[in-house]
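Visitor: Need a 3D model of the following:
(2 chains)
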Amino acid sequence: MIKVNFLSKKSNKVKRVKNESFKGFWERNRLSNGYLLKKTIGRKLFNFCRAVMLFGLVFLILQPILSKISVSFMEERDLYDATIINIPRNWSVSNYEMSSMLMNYKSSIISTLWVSLLIAVIQLASTTLVAYGFARYNFPGKKLLFAAVILSIVIPPQTILTALYLNFRHFDIFGLFKLFTGKSINLLGSILPYVMISAGAMGLKNGLYIFMLRQYFRGIPKEMEEAAYVDGCGKLKTFFIIMLPDAKPMLTSIFLFSYVWQWTDTFYSSLFLREFRLLANAVAGLGDGLMTYIQNISNRTAFPSTAYTQAIISTGTLMVVAPLIIIYIVAQKGFVESLAQSGIKM
Amino acid sequence: MDKEKKQKKQRKQRKPKSMAYRNAVAGYLFTAPFIIGFLLFLLVPLMQSLRMAFSDVKFEGGIAYYFVKFANFKYIFTVDPEFVPFMINELIQMAYTVPSIIIFSFFIAIVLNQEFKGRGLVRAIFFLPVILSSGVLIGLETNNTLMQGLKDVIAESSNATSITDTVKSMFLSEGTYIGPIQYVFDAVDRVYEIAMASGIQIIIFLSGLQTISASMFEAAKIEGATAWETFWKITFPMVSSLILVNVIYSIIDFFVRSDNEVMTHIKNTMTASIEYGRSSAMAWTYFAVIAVIITVTSALISKRVYYYD
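Guide: Next comes the predicted model:
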């Protein structure tokens, strides 16, 4: 059993002191003119209703995963058998082998791991610096700049998608490259465009990270830094030695957010990171991949059945999500605790 | 550039600068990644796409823009058979979904803030959608026809439709008017989607609920306030600022989610039919609509927000 106890700030529960007079429940009930009985029944009923409701909702959230797990272990003939609903009759891992082969699982999981790690680290570094700048220093134009952060959250990436794509297709900095080499550089197909976007804190949901980190930094008392300054510590040193260790829980959760969302993102990945065969792209193309594969081996225009395609896609989804769920189970304490502490307010 | 000049001047004069000045420099330096990133990867592309929206984009060696005034906008509103219906559909869905998400996540946050056994586990499961409904996964989920099929088979074989249908038939047989109740039925029918979309919102509400000091509730209790009164007089005002945050977050999240029809249409117009001008025009229209909706809702809500200082 995994020990789950996050968000358990200070529990408000007061230890019940045992009644010294050792009066029974009915005795006490009689003394309170039936109030105690009414109250206890009410509380029990409320607890019961809450438990039923929560169980239902928890089941609702977990059900797709559970049904995917059951489908992923079925053989193809089990899928058409109406008498089999949840528990497979013929257990097999052939679905896993199939989707692993189609997704090129081993190589793509390794590249996804590295790419997500690199991007998450870069995004964390740049958003932390920016958020600290916003939280602690006053400078002319700060409000305008922060409005720009909000703008970067609000603008749907599709608005600038076209222009961004063309920019990197014909990459140039103020026409300098064209001046010297005679042509612009095509940066698509390398990881550079996305690294640059991440370093500029413009990646997936980076505005949101800046916002959350800024709130967190503002919550840390200023006296710590002032003491450091008085002792002759420089601004950068203060940031690294005093502020970063304090913000560790928030940094962890931003890193995890960035990692997880990068892992499942197809928007930027399909645009800039197509060459890396990331898992998210692989699973998105799984259905088509299966069709091509079936047609290739059967040498004619045969179609895999819908049920089988969906079973393979479900298996693929499970294989993509599994590492994330493991990370979540390991790190969920920090993942949510820090968010709860930050007290996000407008 | 201006900064460097100033720094040079500083060296020349050898005069210590004020604290405010040095802080400003540090502020600019810390936020430099964002400033550069914003200019290069947001503002410039944004302006370019605005230019594209008003011109016909052609590839003749490089990119060539031919200014065509409002032709692209005229096209997407009058000729394109899909854009306007998609857009209207999206707006109606938004109006349905966002209030349900807010109410649901607020309710769940209150429940998860109470003390009961296994609370940690339940919380962990409720935040799981943060992972499960991100990026590619949500699109796969909605396209999963097999699960839909299984559900239908089960519904047929057990000869029962959804619980809301049963309840609704009871209402209808009495010939009652069910206008607003229809909304509740729809929300209950789509409770899975709502639960999947409200992971972050629950966390935000929960963080707000935990910042309310227990002494307030205690004082109210001593004064004889009922739970109902306590909710409306203490809990609700104290988290009202988070309702604003959550409404805005939900609206944005709804509009930019990856299985969004309008988004897919914009992307297809660009990549499949290589109509850069039209796709930019669509994206700008979409953005303008979102901006208007967010401004209006936040103006409406922020009037009623109570700030406790």
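
Visitor: C-alpha only now, for contacts and for neighbours.
Guide: Fine.

Visitor: lowest-pLDDT helix or strand in the chain?
Guide: Looking at chain A here, since you left the chain open. helix A:176-181 (a mean of 63; mean pLDDT, DSSP states H and E).

Visitor: wrong one, chain B
Guide: Across helices and strands of chain B (mean pLDDT, DSSP H and E), lowest is helix B:145-157: a mean of 59.

Visitor: For residue 48, identify the helix or strand it belongs to.
Guide: The chain I'm using is chain A. Assessed by DSSP states H and E, A:Phe48 sits inside helix A:35-72.

Visitor: other chain: chain B
Guide: Counting by DSSP H and E, B:Gln48 is part of helix B:44-53.

Visitor: May I see the buried residues of that helix?
Guide: Going by neighbour count (16 or more other C-alpha atoms under 10 Å in any protein chain shown), the buried part of helix B:44-53 is B:Val44, B:Pro45, B:Leu46, B:Gln48, B:Ser49, B:Leu50, B:Arg51, B:Met52, B:Ala53.

Visitor: got it, and stretch A:316-324?
Guide: Buried residues in stretch A:316-324, counted by 16+ other C-alpha under 10 Å: A:Gly316, A:Thr317, A:Leu318, A:Met319, A:Val320, A:Val321, A:Leu324.

Visitor: With stretch B:197-214 instead?
Guide: In stretch B:197-214, counting by 16+ other C-alpha under 10 Å, buried: B:197-210.

Visitor: likewise stretch B:90-99?
Guide: Neighbour-count burial for stretch B:90-99, with 16+ other C-alpha under 10 Å as criterion, is recorded at B:Glu90, B:Leu91, B:Met94, B:Thr97, B:Val98, B:Pro99.

Visitor: orientation of the helix or strand where the third one lies relative to helix A:35-72 in degrees?
Guide: Translated: B:Met94. In this assignment (DSSP H and E), B:Met94 forms part of helix B:83-113. For helix B:83-113 against helix A:35-72, the angle between stretch directions is 130 degrees (axes from the mean of the first three to the mean of the last three C-alpha atoms, to 10 degrees).

Visitor: The buried residues of helix B:44-53 also near chain A: which ones?
Guide: Checking those against chain A by C-alpha under 8 Å from any C-alpha of the partner chain, the ones in range are B:Pro45, B:Leu46, B:Gln48, B:Ser49.

Visitor: possible to save the residues you listed as a markdown table with pLDDT?
Guide: Output for those, formatted as a markdown table (pLDDT from 0 to 100):
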| residue | pLDDT |
| --- | --- |
| B:Pro45 | 86 |
| B:Leu46 | 88 |
| B:Gln48 | 84 |
| B:Ser49 | 84 |
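
Visitor: can you redo these as JSON lines with distance to A:His170?
Guide: JSON lines is the format used below for those (distance: C-alpha to C-alpha, whole Å):
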{"residue": "B:Pro45", "distance to A:His170": "13"}
{"residue": "B:Leu46", "distance to A:His170": "16"}
{"residue": "B:Gln48", "distance to A:His170": "13"}
{"residue": "B:Ser49", "distance to A:His170": "15"}
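
Visitor: Once you drop chain neighbours, what's closest to the residue in the stretch 151-300 of chain A positioned nearest to chain B?
Guide: Minimum separation of the stretch 151-300 of chain A from chain B (C-alpha to the nearest C-alpha) falls at A:Gly200, amounting to 3.7 Å. In space, and not counting its chain neighbours, A:Gly200 is closest to B:Gly37: 3.7 Å by C-alpha to C-alpha, 6 or more residues apart in numbering or on different chains.

Visitor: Show me what from the stretch 51-200 of chain A comes close to chain B.
Guide: Looking at chain B, the residues of the stretch 51-200 of chain A close enough under C-alpha under 8 Å from any C-alpha are A:54, A:58, A:60-62, A:126-127, A:129-134, A:136-140, A:145, A:148, A:152, A:154-160, A:162-164, A:167, A:197, A:199-200.

Visitor: quick one on the thing from earlier: show the contacting residues for the residue nearest to A:Gly200.
Guide: A:Ile197, A:Ala199, A:Gly200, A:Ala201, A:Met202 (C-alpha atoms under 8 Å, 6 or more residues apart in numbering or on different chains).

Visitor: so how far is the host helix or strand of it from its chain's centroid?
Guide: Per DSSP H and E: B:Gly37 is located in helix B:19-38. How far helix B:19-38 lies from its chain's middle: 29 Å, per C-alpha atoms, centre = their mean, to the nearest Å.

Visitor: Taking their axis directions, it and helix B:44-53 sit at what angle?
Guide: 40 degrees.

Visitor: Can you mark which positions in helix B:19-38 are buried?
Guide: By neighbour count on 16+ other C-alpha under 10 Å, the buried set for helix B:19-38 is B:23-38.

Visitor: how near is A:Lys205 to A:Phe25?
Guide: Per C-alpha to C-alpha, to the nearest Å, A:Lys205 is found 56 Å from A:Phe25.

Visitor: Those two: who's more crowded?
Guide: A:Lys205 (18 against 11; other C-alpha atoms under 10 Å in any protein chain shown).

Visitor: dump the residue contacts of the more buried one.
Guide: A:Ile153.

Visitor: my read is B:Asp56 is in a strand, agree?
Guide: Yes - assessed with DSSP: H, G, I helix; E, B strand; the rest coil, B:Asp56 lies in a strand.

Visitor: Could you measure from it over to B:Arg257?
Guide: Using C-alpha to C-alpha, B:Asp56 is found at 28 Å from B:Arg257.

Visitor: Over to A:Pro304?
Guide: Counting by C-alpha to C-alpha, the gap from A:Pro304 to B:Arg257 is 30 Å.

Visitor: cool, A:Leu278 as well?
Guide: Taken as C-alpha to C-alpha, the span from A:Leu278 to B:Arg257 is 20 Å.

Visitor: So between the two, which is more surrounded?
Guide: A:Leu278 (28 against 18).

Visitor: phi, psi of the more buried one?
Guide: Dihedral angles of A:Leu278 (phi, psi; degrees, to the nearest 10) stand at phi -70, psi 160.

Visitor: Let me know the pLDDT of it.
Guide: We have a pLDDT of 84 for A:Leu278.

Visitor: got a list of what it touches?
Guide: By C-alpha under 8 Å, 6+ apart, the residues touching A:Leu278 are A:Ser108, A:Ile109, A:Ser111, A:Thr112, A:Ser269.

Visitor: give me the element B:Asp186 is part of.
Guide: Here B:Asp186 is assigned to helix B:179-189, by DSSP H and E.

Visitor: Just the CA atoms of that helix, as PDB, please.
Guide: Output of helix B:179-189 as PDB, limited to C-alpha atoms (Å, rounded to 0.1, in the frame of the first residue of the first chain):
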ATOM      1  CA  GLY B 179     -36.000  24.300 -18.500                       C
ATOM      2  CA  PRO B 180     -33.200  25.000 -16.000                       C
ATOM      3  CA  ILE B 181     -33.300  21.500 -14.700                       C
ATOM      4  CA  GLN B 182     -32.200  20.300 -18.100                       C
ATOM      5  CA  TYR B 183     -28.900  21.900 -17.400                       C
ATOM      6  CA  VAL B 184     -28.400  19.800 -14.300                       C
ATOM      7  CA  PHE B 185     -29.300  16.700 -16.300                       C
ATOM      8  CA  ASP B 186     -26.700  17.500 -18.900                       C
ATOM      9  CA  ALA B 187     -24.100  18.200 -16.200                       C
ATOM     10  CA  VAL B 188     -24.800  14.900 -14.600                       C
ATOM     11  CA  ASP B 189     -24.500  13.100 -17.900                       C
END
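
Visitor: next SSE after it?
Guide: helix B:191-197.

Visitor: what's near enough to touch residue 50?
Guide: Looking at chain A here, since you left the chain open. So A:Arg50 contacts B:Val111 (C-alpha under 8 Å, 6+ apart).

Visitor: Let me rephrase: I mean chain B.
Guide: Contacts of B:Leu50 (C-alpha under 8 Å, 6+ apart): B:Ser280, B:Ala281, B:Trp284.

Visitor: cool, B:Ala20 as well?
Guide: B:Ala20 sits in contact with A:Asn138, where contact means C-alpha under 8 Å, 6+ apart.

Visitor: Keep only those of the residues of the stretch 51-200 of chain A next to chain B that are in helices.
Guide: By the criterion of DSSP state H, membership of these in helices covers A:54, A:58, A:60-62, A:126-127, A:129-134, A:136, A:145, A:148, A:152, A:154, A:157-160, A:162-164, A:167, A:197, A:199.
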